[in-house]
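J.: What would the 3D arrangement of this be:
(one chain, ligands or ions: 1)
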Amino acid sequence: MIPSKNPIIIKATELFTDHYFKYWWEKHVNPIYKYKKTSGYRDPVHNKEVGGVDDSAHLYALALDFIITNENGQFVGQEKQSEIFNIYIKPFWPGFALDEKNHIHVNLDRELQKKIEKTLLIAGGAGGYILYNILT
Ligand SMILES: [Zn+2]
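T.: Have a look, this model is predicted:
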């Protein structure tokens, strides 16, 4: 599918991804670890600049890059980050997760944007809220 160009759909999708991830993290990861988002939605130009793959989930606002920090917001280090990834994220993340070493990448299914678009068209602004509650 083609990523949406509608800024409202993009914003709604990004909000959904951020909220979903935050909720998921709080439920699955040891609370002594926090994350710091380093990249989310990217338009096609920006995606090319940073060397993102052609059909990257970042184009759909359904991807999140982050680093793992301690409670004081300090990076835990690459080795520790990989360890945390293997224990808490890789086995339990419902979509695609990748340890990129200097950051972690997670994304949800691309088809989700279609569902978000449909829900917003049907229910108007409340659609995002309804969808969020259904999926979490
Ligand atoms: Zn990424």
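J.: in the sheet, who's paired with the residue in the chain positioned nearest to the ion?
T.: Going by CB to the ion, the ion is nearest to His105 of the chain, at 3.4 Å. Every C-beta, even on glycine, is put in place using the N, C-alpha and C of the backbone. Applying DSSP bridges to His105 gives these bridge partners: Asp65, Leu98.
J.: Identify the residues contacting it.
T.: Contact analysis of His105 by CB atoms under 8 Å, 6 or more residues apart in numbering lists 63-65, 96-98.
J.: What subset of these is buried?
T.: Buried members of the contacts of His105, scored by 16 or more other CB atoms under 10 Å, are 63-65, 98.
J.: Reformat the residues you listed as JSON lines; add distance to Ile10 and pLDDT.
T.: Below are those laid out as JSON lines (distance: CB to CB, whole Å; pLDDT from 0 to 100):
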{"residue": "Ala63", "distance to Ile10": "12", "pLDDT": "96"}
{"residue": "Leu64", "distance to Ile10": "14", "pLDDT": "97"}
{"residue": "Asp65", "distance to Ile10": "17", "pLDDT": "97"}
{"residue": "Leu98", "distance to Ile10": "22", "pLDDT": "97"}
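J.: Which two among these are spaced furthest apart?
T.: The most widely separated members of these, counting by CB to CB, are Leu64 and Leu98 (11.4 Å).
J.: between the two, what contacts are shared?
T.: 105-106.
J.: buried set for stretch 25-39?
T.: By neighbour count with 16+ other CB under 10 Å, stretch 25-39 contains the buried residues 25, 29, 33-35, 39.
J.: should've said stretch 47-58
T.: Of all the residues in stretch 47-58, those buried under the rule 16+ other CB under 10 Å are 47, 52, 56-58.
J.: So which of those are in strands?
T.: The members of those all map outside strands under DSSP state E.
J.: Can you lay out the residues you listed as CSV showing pLDDT?
T.: What follows is the buried residues of stretch 47-58, written out as CSV (pLDDT from 0 to 100):
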residue, pLDDT
Asn47, 95
Gly52, 89
Ser56, 93
Ala57, 95
His58, 96
